[in-house]
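Q: Just a sequence and a predicted model for now, questions to come.
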Amino acid sequence: MKIKLEVDNLSYQYDQIDILTKINFASKEGEFIGLIGPNGSGKSTLLKNISNILKPSKGIVYLDDFDLKKIKNKDLARQVAIVPQETNINYDFRVEDIVLMGRAPYVSRWQGESSKDIKVVRKVMELTDTIKLSDRYIHQLSGGERQRVVLARSLAQEPELLLLDEPTSNLDINYQIEIMELLRRLNQKDGLTILVILHDLNLAAKYCDRLLLLKEGQIHSFGTPQEILTTKKIEEVYGLKLLIKQDYLSKRPYLTLNNKNSQTKDRLDHKIHLVCGGGSARDLMQALVESGYQLSCGVLNRSDSDWELARSLEIETISEDPFASISDEKHKKNLAKIKEADTVVLTDIPIGAGNLANLKAVLWAARNSKRVIVVNSCKLKNKDYTGGEGRKIFERLLREKVVVVKEEFEALEEIKML
Ligand SMILES: Nc1ncnc2c1ncn2[C@@H]1O[C@H](COP(=O)(O)OP(=O)(O)OP(=O)(O)O)[C@@H](O)[C@H]1O
């Protein structure tokens, strides 16, 4: 059965200092939640409150609608396991014996461990690749090996809710991926509900269903990776401007450092309106933002990949319904943005009926002495889904005074030459 976690109005104080304030959230059954936030924002404290290591100063934690405080320790240990941040173990036991300790909630005091206990221990040691460490002593292990042993011990509890405090912090890149993949399998196949603290936001984006973003002991926001990992929210919480792209296949965000952070903050006094679509501005859009240009986009159909990217970069965008042709209203807005712009860039959009108005808008720009840069690659030359009408407009455009470049990066070079 999948377990549901609910945290109701939880506050926590250390030495009368508020560490967590009014935390409210609920997981769905069998959900994979990432807990993110800067150092000291209260992530570990929240995890400890949920696992009963700390008692909330106010508020209640519910497991499947049962108040956690009222659940007996042994029962709780069958439902909830925690993999702590600190994996130092004060006693020097063999690895296999440490993992076997995870069976304590099941082992009868009189009969000792059963064959089932042994079977579970073997299974979780295989899953965590710790079998080969079975006879080693815990103090002989590296930080990463110890982390996997502690995870194995928690899995041996066969919990329904697994809480993990930075389980990948000591792991090399191979084990990081392996452990996250293992957690995903346990979540998807066995229905294990997971709440995991992660500092690596890309791992969080890749694996979690939803992210709980903490700031100074309060929930800043809670939602899907796409909703949470936006440049705006990350800047609000971490004070850092990151570039956020979207993975082409999974559609999940991924973050890269913006090397020109300071330049981005000093925005250039140059407005660019980008007419794009279908991923044709994938690299250019980010490069322009990174370079500090004031960017607008339009008209883009919602859910188009360029629209998604523009949204994640928080670029002002004129949007149209998915697959709809551009309405008069949106066309006018597009022209208004073009009027404001210093430069208009047309990327390699496919010429479909939906894009005719966009082509007309760029033609209007060129005829009204706007600086227009056209990324003219073969798709635009060859593919016209409008029975020739789009092609005619495009040819008219090329007869105007426009700068034609072949590839996206050349458009950026051209803009920079101004
Ligand atoms: N035992 C303690 N006594 C007093 N204050 C504490 C104690 N443990 C943590 N704190 C404080 O509580 C706040 C939240 O700490 P917590 O460890 O929960 O943050 P975190 O988000 O997990 O940080 P990190 O990312 O660095 O692990 C911090 O300001 C910390 O200094």
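A: Good, I have the coordinates.

Q: ok and the residue in the stretch 251-400 of the chain nearest the ligand?
A: When scored by CB to the nearest ligand atom, the stretch 251-400 of the chain has residue 255 as its residue closest to the ligand, at 17.2 Å. Glycine gets a C-beta too; all of them are placed from N, C-alpha and C.

Q: Could you give the bridge partners of that residue?
A: Listed by DSSP bridges, the beta-bridge partners for residue 255 are residue 244.

Q: Is it in contact with residue 247, as I believe?
A: No - using CB atoms under 8 Å, residue 255 is not in contact with residue 247, being 11.0 Å away.

Q: quick one, which of those two is more surrounded?
A: residue 255 (19 against 12; other CB atoms under 10 Å).

Q: List the contacts of that one.
A: By CB atoms under 8 Å, 6 or more residues apart in numbering, the residues touching residue 255 are 201, 202, 205, 229, 234, 242, 243, 244, 245.

Q: Not counting its neighbours along the chain, what's nearest the second one?
A: Distances taken as CB to CB, 6 or more residues apart in numbering place residue 254 nearest to residue 202, at 5.2 Å, with adjacent residues excluded.

Q: What of the last one?
A: Excluding its sequence neighbours, the residue lying closest to residue 245 (CB to CB, 6+ apart) is residue 254, at 5.6 Å.

Q: Repeat that for the fifth one.
A: Nearest non-adjacent residue to residue 234, counting by CB to CB, 6+ apart: residue 242, 5.4 Å away.

Q: Relative to residue 167, how far out is residue 176?
A: Residue 176 sits 9 Å away from residue 167, going by CB to CB, to the nearest Å.

Q: neighbour count winner among the two?
A: Each of residue 176 and residue 167 has its neighbours counted (other CB under 10 Å); residue 167 has more, 29 against 17.

Q: check which helix or strand covers the more buried one.
A: Using DSSP states H and E, residue 167 sits in no helix or strand.

Q: Break the chain down into its domains, please.
A: In the assignment given by automatic domain parsing, the structural domains of the chain cover 5-240, 258-416.

Q: Would you mind checking the average pLDDT for the shortest one?
A: This means domain 258-416. The pLDDT scores in domain 258-416 average 86.

Q: now swap in stretch 83-99 and tell me
A: In this model, stretch 83-99 has a mean pLDDT of 85.

Q: So which residues make contact with that stretch?
A: Outside of stretch 83-99, the residues within contact range by CB under 8 Å, 6+ apart are 44, 121, 124-125, 130, 133-139, 141, 143, 146-147, 149-154, 156, 162-167, 169-170, 197.

Q: Those residues also near the ligand: which ones?
A: Among the contacts of stretch 83-99, the ones lying near the ligand by CB under 6 Å from any ligand atom are residue 44.

Q: which of the contacts of residue 255 are buried?
A: Neighbour-count burial (16 or more other CB atoms under 10 Å) applied to these gives 201, 202, 205, 229, 234, 242, 243, 244, 245.

Q: What is the nearest of those to residue 52?
A: Nearest to residue 52, judged by CB to CB, of the buried ones among the contacts of residue 255 is residue 201 at 28.4 Å.

Q: Would you agree the closest one is in contact with residue 229?
A: Yes - with contact defined as CB under 8 Å, residue 201 counts as touching residue 229 (6.3 Å).

Q: Going by neighbour count, which residues in stretch 50-64 are buried?
A: Within stretch 50-64, the residues that count as buried by 16+ other CB under 10 Å are 50, 51, 52, 54, 56, 57, 59, 61, 63.

Q: Repeat that for stretch 62-71.
A: 63, 68, 71.

Q: just these now: which is nearest residue 414?
A: residue 63 (59.7 Å).

Q: Quickly list what the closest one is bridged to.
A: Here residue 63, judged by DSSP bridges, has bridge partners residue 5, residue 66.

Q: ok, it - contacts?
A: Contacts of residue 63 (CB under 8 Å, 6+ apart): 3, 4, 5, 71, 79, 80, 161.

Q: And for residue 20?
A: Listed by CB under 8 Å, 6+ apart, the contact set of residue 20 reads 10, 11, 12, 42, 45, 46, 49, 217, 218.

Q: Compute the number of surrounding residues for the second one.
A: By that I understand residue 11. Around residue 11 there are 17 other residues, counting by other CB under 10 Å.

Q: Can you tell me, leaving aside adjacent residues, what's nearest to the residue nearest to the spatial centre of the chain?
A: The centroid of the chain falls nearest to residue 205 when counting by CA atoms, centre = their mean (2.6 Å). What sits nearest to residue 205 in space, not counting adjacent residues and going by CB to CB, 6+ apart, is residue 225, at 4.2 Å.

Q: ok, now residue 172?
A: Residue 172 sits nearest to residue 144 (CB to CB, 6+ apart), 6.4 Å away.

Q: Just to be sure, the one you found is in a helix?
A: Yes - counting by DSSP: H, G, I helix; E, B strand; the rest coil, residue 144 is found in a helix.

Q: Run a quick neighbour tally on it.
A: Neighbour count of residue 144, defined by other CB under 10 Å: 18.

Q: Hmm, residue 175 and it touching each other?
A: Yes - here residue 144 reaches residue 175: they are 6.0 Å apart, a contact under CB under 8 Å.

Q: Could you export the helix of greatest length in the chain as PDB, CA atoms only?
A: Secondary structure of the chain per DSSP state H: the longest helix is helix 173-190. The C-alpha coordinates for helix 173-190 follow below in PDB (Å, rounded to 0.1, in the frame of the first residue of the first chain):
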ATOM      1  CA  ILE A 173      28.800  10.500 -10.300                       C
ATOM      2  CA  ASN A 174      28.200   6.800 -11.100                       C
ATOM      3  CA  TYR A 175      26.800   6.100  -7.700                       C
ATOM      4  CA  GLN A 176      24.800   9.300  -7.700                       C
ATOM      5  CA  ILE A 177      23.000   8.200 -10.800                       C
ATOM      6  CA  GLU A 178      22.700   4.600  -9.600                       C
ATOM      7  CA  ILE A 179      21.200   5.600  -6.200                       C
ATOM      8  CA  MET A 180      18.800   8.000  -7.800                       C
ATOM      9  CA  GLU A 181      17.800   5.400 -10.400                       C
ATOM     10  CA  LEU A 182      17.300   2.900  -7.500                       C
ATOM     11  CA  LEU A 183      15.100   5.300  -5.700                       C
ATOM     12  CA  ARG A 184      13.100   5.900  -8.800                       C
ATOM     13  CA  ARG A 185      12.600   2.100  -9.300                       C
ATOM     14  CA  LEU A 186      11.600   1.700  -5.600                       C
ATOM     15  CA  ASN A 187       9.200   4.600  -6.100                       C
ATOM     16  CA  GLN A 188       7.700   3.400  -9.300                       C
ATOM     17  CA  LYS A 189       7.600  -0.400  -8.800                       C
ATOM     18  CA  ASP A 190       7.100  -0.700  -5.100                       C
END
